[in-house]
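Trainee: Give me coordinates for this.
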Amino acid sequence: MSRIISFRGLLADATQERLQIETIRGEKGYRIVKFKIMVSEPGQQTSEHVLKIYKEAQTTIDNTTNFSDNRLLGMAWLGFGATTGPTNLLIDIFDQEIFNQDIFITCSDVSTNGKSCNYYIELEQMDLALDESTVATLKDIRNSD
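Mentor: As a prediction, the model looks like this:
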């Protein structure tokens, strides 16, 4: 049986947050089903945010997005004009990916304003059999497909 759990928060520019979901034996698996973002001060200043969800902590927080990076679980990009509102919005989730370890969300404001950005993530939680949890854990450890 699966259920939906959600996380929400506000990330400052050039920061990351750890979302703690792992269990001791890895018997719970997760899949991203929803990812939304919104600037922290709509209508105030221009901003251009890139938020990315990873399987492991990142040493560099930037706007570079590489879909061949097997540690990347999803990304969102939002351009926001102070007078025009949202100018661009792109959200991409690799929804078939099942993981059972903590995940990390990063935020980069490409504009010079360095504004914060809100996020909302829904994860589908499911029970994993022993062999499934072993495979998911090994994939996370090895960072392979």
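Trainee: Run through the bridge partners of the residue positioned nearest the centre of the chain.
Mentor: With distances taken as C-alpha atoms, centre = their mean, I53 lies nearest the centre of the chain, 2.5 Å away. Taking DSSP bridges as the rule, I53 bridges to G74, I105.
Trainee: can you pull out the strands in the protein?
Mentor: 3-11, 15-19, 28-39, 47-54, 72-81, 85-93, 103-109, 117-127 (DSSP state E).
Trainee: if we can go back for a sec, so the residue nearest to the centre of the chain sits right up against I105, yeah?
Mentor: Yes: assessed by C-beta atoms under 8 Å, I53 is found in contact with I105 at 5.2 Å. Where you see a C-beta, it was placed from the backbone N, CA and C, and this is true even at glycine.
Trainee: which residues do those two both contact?
Mentor: I121 (C-beta atoms under 8 Å, 6 or more residues apart in numbering).
Trainee: residues contacting the residue in the chain sticking out farthest from the centre?
Mentor: Centroid-distance maximum for the chain: T83 at 27.8 Å, with C-alpha atoms, centre = their mean. When contacts are counted by C-beta under 8 Å, 6+ apart, T83 touches G43.
Trainee: Relative to Q45, how far out is it?
Mentor: Distance from T83 to Q45, counting by C-beta to C-beta, to the nearest Å: 10 Å.
Trainee: and if you look at K36?
Mentor: 20 Å.
Trainee: Likewise for G85?
Mentor: Taking C-beta to C-beta as the measure, G85 falls 12 Å from Q45.
Trainee: So for the two, which residue has more residues nearby?
Mentor: The neighbour count for G85 versus Q45, taken as other C-beta atoms under 10 Å, is higher for Q45 (17 against 11).
Trainee: Contacts only, for that one.
Mentor: 82, 111, 113, 115.
Trainee: If you tally nearby residues, what's the number for the last one?
Mentor: The reference is to K115. 20.
Trainee: oh, and call the first residue 80 from now on, that's how I've got it
Mentor: Yep, numbering from 80; the last one is K194 now.
Trainee: Surely it and I116 touch.
Mentor: No: using C-beta under 8 Å as the test, K194 is too far from I116 to be in contact (11.9 Å).
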